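Engineer: fold the following.
(one chain, ligands or ions: 1)
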Amino acid sequence: MPQRPLNVGIIGGGGGAFIVNPHQKAIFFDGTRRVSAAALMPDPAQAMEEAENWNYPIQGYPSYDEMLEEELKKPLGERIDYVLIVTPNFVHYDPAKKFLEAGIPVFCEKPLTITVEESQELAAIANSKNIPFCVAHTYLGHWTTRFARHIVKSGLLGDIRWADSSYIQGWLASRAEEAGVQQAEWRVDPKRAGASGCGGDIGTHAYMHLCFITGLEVEEVSAFLVNFVEGRALDDHFTTYCKLSNGGKAMIRASQISIGHKNDMGIEINGDKGSLIWEQENPEKLVILLKGQPERTYWRGDVEANDGFLGDLPEDLMSEPTIPSGHTEGFHDAFARLHRYFEVDVRSYLEGKYEKADGSKYAVVDDGVKALQFISAAVESNNNNNSWVKL
Ligand SMILES: NC(=O)c1ccc[n+]([C@@H]2O[C@H](COP(=O)([O-])OP(=O)(O)OC[C@H]3O[C@@H](n4cnc5c(N)ncnc54)[C@H](O)[C@@H]3O)[C@@H](O)[C@H]2O)c1
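Structural biologist: As a prediction, this is how the structure comes out:
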């Protein structure tokens, strides 16, 4: 008999918000999860109005505090099974803390919080109470990202010498925050975005991608943060040079002033046996370069073990339900994959069988802390003549 769908509560997302939409699609993607409740806006009346006009029935709440209080009164099976936080960065910590303290799993947008201390506090609660926690680093959800991780971690590229992980956009090349763009307005405000603008917003994605695929840590950073657009308090261009835990080096960089670039995120990794290239705007494809050989292009859905480069491939990577190669997966599928993996952990949590996630399927709360430490070290380095700062 099929299991009941999990109930998800959403915090944020009303009034023309952005990232709630891919999340909603991802939640409904498999038919095993649904949105049942939401506190959609900071203003209670607006939150209720938005909920009433939502395009499918949900239980609306005037605030996330009331959502928590009322949902806890419901029996398990009727109440929310996990909460999704899609508010601006400064409204992650408080709801995440409250829902964790009530024992409810949290799926939180990145960056986890606006300070390292807040993120550590969340990690301490989630870890001590053993509650599933996902930080929404979308791009880890691409099949090719997991495939890249398998390739690098199985040593097929040899020792990693250099990686260039980048996320380049152009949408903040002029003062979008003064042109009524809701998403720009809070992103340029240190009180609501955090200590780094571009770095916190998308540099964290580039950081997480590098760490997830290579399994390496960033140990030290020298950073150059620039605000090219006059009058901005936060960087709109973020470049770091990094020392990695294996002795390798890396560049982790992001920009929001590079006109013409949309979501130009990608990574190149150079090992002593070969190189790997992946691009987010063409996410079905992974390129491997080996000395003296024609380039190998792998496509999701058309990969075979023991092909002369690859060895055996892990069952859980290969058996995942997916559409045939050439029917393209993208951004929404990546989100869906994260929610799908998180669902498995939430179900085992509800059955009292959850074992702490190891970060191989999605970014966990400890990864969120590391990303904040990376941003904090980069800001410190930039403020100290780009000196090397240990994480
Ligand atoms: N993972 C990704 O790829 C990705 C992409 C974009 C944004 N994000 C992250 O998602 C978050 C939201 O970004 P966005 O671009 O969707 O922002 P947005 O401004 O479009 O939406 C924010 C929403 O939060 C609501 N909100 C604010 N305070 C609230 C409160 N106290 N209670 C209830 N609702 C409240 C707003 O009304 C709005 O609906 C940010 O943390 C951002 O960094 C992640």
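Engineer: near the ligand, which residues of this structure? Just list them.
Structural biologist: Counting by Cβ under 6 Å from any ligand atom, the residues of the chain close to the ligand are 11-15, 17-19, 39-42, 64, 86-89, 91, 109-110, 136, 138, 182-183, 201. C-beta here means a position set from N, CA and C on the backbone, and glycine is covered the same way.
Engineer: in ChimeraX, select just the buried ones from those residues.
Structural biologist: Of the residues of the chain next to the ligand, the buried ones go into a single ChimeraX selection, burial set by 16 or more other Cβ atoms under 10 Å:
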select :11,12,13,14,17,19,39,40,41,42,64,86,87,88,89,91,109,110,136,138,183,201
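Engineer: please parse the chain into its domains.
Structural biologist: With domains defined by automatic domain parsing, the chain comprises 6-139+336-364, 142-324+372-383.
Engineer: circling back: restricted to strands, list the residues of the chain next to the ligand.
Structural biologist: Using DSSP state E, the members of these that fall in strands are 11, 39.
Engineer: so which of the residues of the chain next to the ligand belong to helices?
Structural biologist: Using DSSP state H, the subset of these located in helices is 64, 182-183.
Engineer: contacting residues for the spatially most central residue of the chain?
Structural biologist: The centre of the chain sits closest to residue 137, judged by Cα atoms, centre = their mean, with a distance of 1.0 Å. Neighbour list for residue 137: 110, 204-205, 208-209, 212, 338, 362-363, 367 [criterion: Cβ atoms under 8 Å, 6 or more residues apart in numbering].
Engineer: rerun that using 6 Å as the cut-off
Structural biologist: Contact analysis of residue 137 by Cβ atoms under 6 Å, 6 or more residues apart in numbering lists 110, 208, 363.
Engineer: any low-confidence regions in the stretch 251-391 of the chain?
Structural biologist: Residues of the stretch 251-391 of the chain meeting the criterion pLDDT under 70: 321.
Engineer: where do the strands sit along it?
Structural biologist: Ranges of strands in the stretch 251-391 of the chain, per DSSP state E, counting those that start in this stretch, are 264-271, 274-279, 285-290, 296-299, 363-364, 389-390.
Engineer: just to revisit the earlier point, could I get the contacts of residue 137 as a markdown table with distance to residue 391?
Structural biologist: Converted to a markdown table, the contacts of residue 137 look like this (distance: Cβ to Cβ, whole Å):
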| residue | distance to residue 391 |
| --- | --- |
| 110 | 17 |
| 208 | 14 |
| 363 | 16 |
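Engineer: closest to residue 281 out of those residues?
Structural biologist: residue 208 (17.8 Å; Cβ to Cβ).
Engineer: CA-only coordinates of the helix or strand hosting that closest one in CSV, if you can.
Structural biologist: In this assignment (DSSP states H and E), residue 208 forms part of helix 204-214. As requested, the backbone C-alpha atoms of helix 204-214 are provided in CSV (Å, rounded to 0.1, in the frame of the first residue of the first chain):
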residue,chain,number,x,y,z
THR,A,204,28.3,29.8,-1.3
HIS,A,205,26.9,27.7,-4.2
ALA,A,206,30.3,27.7,-5.9
TYR,A,207,32.0,26.8,-2.5
MET,A,208,29.5,24.0,-1.8
HIS,A,209,29.9,22.6,-5.3
LEU,A,210,33.6,22.3,-5.0
CYS,A,211,33.5,20.7,-1.5
PHE,A,212,30.7,18.3,-2.5
ILE,A,213,32.4,17.0,-5.7
THR,A,214,36.0,16.8,-4.4
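Engineer: orientation of that helix relative to strand 264-271 in degrees?
Structural biologist: Angle of helix 204-214 versus strand 264-271, following axes from the mean of the first three to the mean of the last three Cα atoms, to 10 degrees, is 30 degrees.
Engineer: rounded mean pLDDT for helix 204-214, please.
Structural biologist: What helix 204-214 shows for mean pLDDT is 98.
Engineer: in this structure, which spans are helices?
Structural biologist: Going by DSSP H, the chain shows helices at 20-28, 44-52, 64-73, 93-101, 116-129, 143-153, 182-187, 190-193, 198, 204-214, 315-318, 331-350, 365-383.
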